[in-house]
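Visitor: Curious how this folds, go ahead:
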Amino acid sequence: MAAIGIIPARYASTRLPGKPLVDLDGQSMIQRVVAQARQANLARVVVATDDQRILDHVRDFGGEAVLTRPDHPSGTDRVWEAFEQLGQPGDTHCIVNIQGDEPFIQPAQINALVDLFSPAAPPPIATLIKPVLTDEELFSPHLPKVVTNQHGQALYFSRHPLPYQRQHPSHDWLAHHQYYRHLGLYAYQPQVLRQLTLLPPSPLELAESLEQLRWLEAGFAIQTAITELDAFGIDTPEDVARAGQRLARG
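Guide: Numbering: from 1, shown residues only. Just a heads-up that it's a prediction; the model follows:
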C-alpha cells in the first residue's frame, strides 16, 4: 500500500498572482513545498497545476507535475483530476492534499495523517488540528476552529470560536477550554475523494465558506490528528517578506 502527495498549485491569485513561482531565498515557493513533502512517507509527490509555466518549472527542478483543467472550483477537485491522470494507481490507500502555498510544511505533519490510514480501519478523511494558544488566534475569522468528539472526529468547523462559554467572559475562554484551530492539510481514501468531488455546495459550507462542512453535511467522518507544529501560508506580499525573514534566520 502507498500514500501519494498531490500539491494543487494555481497561477491566479487575487492578492499574489503567480504565487507558486514566487522566489523565496533562491527557490520558488512550489519547489520548497515539494522538497518538504519529499521528506515525508509518500511514494510520490505530484504537483497539480493549471498553468504551463508552473508545469515547466516543476519539471525543470526534477519534480513531477500534471496539467489540470483551469476551471476547478477547489483544490480538492484538482487533486482528484491529477490522481486520475496518474492512472489511479491501485496500490494507493491514501491521497494527501498538500497546500501549495505552505513552504514550511513539516514532513511530520504529513506523516501524522498518513499514519492514520491503517489497513484495518482507515478513516474516510483525515485532517490536522493544532491547539489554540492566543486570543488573537481564537477570535480570528481567518483561522477556522474545529470541535471534535471523544474519538477525535470532527463535529463542526467554524470561523467563530466554539463552544461559546456562556459562564465566562470571552477574554477568559482559553483558561477554561482547550480550543483547536484547523490546518488545511487533508488526506483521503481514493474512492472517498472521488465521492467528495460529486457533492454540491451545502448550506453550512456557503455560510462559513469552509469546504469541509460540505463533507460533514453529507455524512462523511473526518478524523483529526493533533500537531504542535504551526502552519505558515503565503497569501500576500507581506507574507513573502515574513517568509524571507524566517529563511534568513535559518
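
Visitor: can you pull the contacts of the closest residue in space to A2 that isn't next to it in sequence?
Guide: Leaving out its chain neighbours, the residue that sits closest to A2 by C-beta to C-beta, 6 or more residues apart in numbering is A43, at 3.8 Å. Any C-beta I mention is one placed from the backbone N, CA and C, and that applies to glycine too. Residues in contact with A43 (C-beta atoms under 8 Å, 6 or more residues apart in numbering) are 2-4, 92.

Visitor: Counting neighbours, which bits of the longest helix along the chain end up buried?
Guide: As assigned by DSSP state H, the longest helix anywhere in the chain is helix 237-249. Across helix 237-249, burial judged by 16 or more other C-beta atoms under 10 Å covers 239-240, 243.

Visitor: Repeat that for stretch 85-104.
Guide: In stretch 85-104, counting by 16+ other C-beta under 10 Å, buried: 86, 92-104.

Visitor: cool, and stretch 106-114?
Guide: Neighbour counts over stretch 106-114 (16+ other C-beta under 10 Å) mark 106, 109-114 as buried.

Visitor: Checking I234 next. Helix, strand or coil?
Guide: coil (DSSP: H, G, I helix; E, B strand; the rest coil).

Visitor: And for it, the neighbour number?
Guide: Residues lying near I234 (other C-beta atoms under 10 Å) number 26.

Visitor: tell me the secondary structure for the residue in the chain sticking out farthest from the centre?
Guide: The centre of the chain is farthest from one residue, Q167, which by C-alpha atoms, centre = their mean lies 34.2 Å away. Under three-state DSSP, Q167 falls in the coil class.

Visitor: How about the one 10 residues further on?
Guide: For H177, the reduced secondary structure class is coil; criterion used: three-state DSSP.

Visitor: can you list the buried residues of stretch 85-104 in CSV and add distance to R32?
Guide: Shown next, in CSV, are those (distance: C-beta to C-beta, whole Å):
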residue, distance to R32
L86, 23
T92, 25
H93, 27
C94, 23
I95, 21
V96, 17
N97, 17
I98, 12
Q99, 12
G100, 10
D101, 10
E102, 9
P103, 4
F104, 8
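
Visitor: And the strands in the protein?
Guide: Secondary structure of the chain, counting by DSSP state E: strands at 2-9, 23-24, 27-28, 44-49, 64-67, 92-97, 125-131, 145-148, 154-158, 180-188, 222-226.

Visitor: The longest one to strand 154-158, inter-axis angle?
Guide: On the basis of axes from the mean of the first three to the mean of the last three C-alpha atoms, to 10 degrees, strand 180-188 is oriented at 120 degrees to strand 154-158.

Visitor: quick one: strands adjacent to strand 180-188?
Guide: strand 92-97 (antiparallel), strand 125-131 (antiparallel), strand 145-148 (antiparallel) (DSSP bridges).

Visitor: CSV for those, including distance to A154 and mean pLDDT?
Guide: Below are the strands paired with strand 180-188 laid out as CSV (distance: least, C-beta to C-beta, whole Å; pLDDT from 0 to 100):
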stretch, distance to A154, mean pLDDT
strand 92-97, 16, 97
strand 125-131, 7, 97
strand 145-148, 5, 98
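
Visitor: Kindly reformat those as JSON lines and extend each row with distance to L174.
Guide: Below are the strands paired with strand 180-188 laid out as JSON lines (distance: least, C-beta to C-beta, whole Å):
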{"stretch": "strand 92-97", "distance to L174": "30"}
{"stretch": "strand 125-131", "distance to L174": "10"}
{"stretch": "strand 145-148", "distance to L174": "12"}
